[in-house]
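K.L.:
any chance you can model this:
(3 chains)
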Amino acid sequence: MTSAIDPRYELPRDWPTTEAEATAVQERLRGSVRAEGGAVPAPGGGAGAVVGVDVAYDDERGVVAAAAVALDARTLAVVGEATAVGRVTFPYVPGLLAFREIPAVLDALGALDRRGHRPDVVVCDGYGLAHPRRFGLASHLGVLTGLPTIGVAKNPFTFRHAPPGPRRGDWAPLLDGDEEVGRALRTRDGVKPVFVSVGHRVTLDEACAYTLHLARDYRQPETTRRADALCRRALADAV
DNA sequence: GCGACAG
DNA sequence: ATCTTGTCGC
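P.N.:
Numbering: from 1, shown residues only, chains lettered A, B, ... in the order given. This is a model prediction of the structure:
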């Protein structure tokens, strides 16, 4: 049993408009994050769809485009794609990225669902529990949809870490003070690591194993690369 | 008060 | 995120 209930792709009615409201939402929902494992099929093993999401912006025109790309979890072949275009509704504020990205992401995931694709896990471009209030984009998306999610970021944000070993698979704890909030994970020999954290319904070990599997050919997970390319295309076509 | 700060 | 050319390298 992977998912007990159907995922939900509707934006909550109380979606915030101000920074103060947004922070309050994070404080209210953070307790709903589950960091237990077993909900996600083994990365290289059984069948399953891993979905990558990403967002691109044209702030001049106030346009946002999101993409959701489904890959075969074993072969990493693209099995489905969907996009959504909308208006920018929230500025970029460190710690509040979710409120800028999630509305368009939910639309893209909803469109992907209508094309018959049910994610077993969603990979986000950003953080999950590695967040000032332990409720980054990946965790927020997981709690809203009910889906297992993983956060993979390209920068260490405000966190600290020792340099991981030089080889693919080497990692070092990502620390907020003494607390391990994620990992700096080397996905390619001698290349800058990525920063992995739990989103929802996965363990940190599972999140790292999935990231390593998805980053088979490049530094970033194949999910993120495909979604990034697709949302840029969607934005260009929309403008 | 100042700087840093996922995308 | 986005602004942006060529360029070095596999």
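
K.L.:
how about low-confidence regions in chain A?
P.N.:
A:1-4, A:46-47 (pLDDT under 70).

K.L.:
can you do 90?
P.N.:
A:1-5, A:38-48, A:239 (pLDDT under 90).

K.L.:
DNA strand B contacts on that one?
P.N.:
A:54-55, A:57, A:92, A:94-98, A:125-127, A:131, A:136-138, A:151, A:153-158 (CB under 7 Å from any atom of the strand). C-beta: built from backbone N, CA, C; applies to glycine.

K.L.:
buried among the residues you listed? Make that a PyMOL selection.
P.N.:
To isolate the buried ones among these in PyMOL, judged by 16 or more other CB atoms under 10 Å, type:
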select buried, chain A and resi 54+55+57+95+96+97+98+125+126+127+131+136+137+138+151+153+156+157
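
K.L.:
please list the members of the residues of chain A next to DNA strand B that lie in helices.
P.N.:
Residues from those lying in helices, with DSSP state H as the criterion: A:97, A:98, A:137, A:138.

K.L.:
got a list of what the first one touches?
P.N.:
When you say that, I think you mean residue A:97. A:126, A:136, A:137 (CB atoms under 8 Å, 6 or more residues apart in numbering).

K.L.:
mind listing the strands for chain A?
P.N.:
A:49-58, A:63-72, A:78-87, A:121-125, A:149-153, A:171-176, A:179-185, A:194-200 (DSSP state E).
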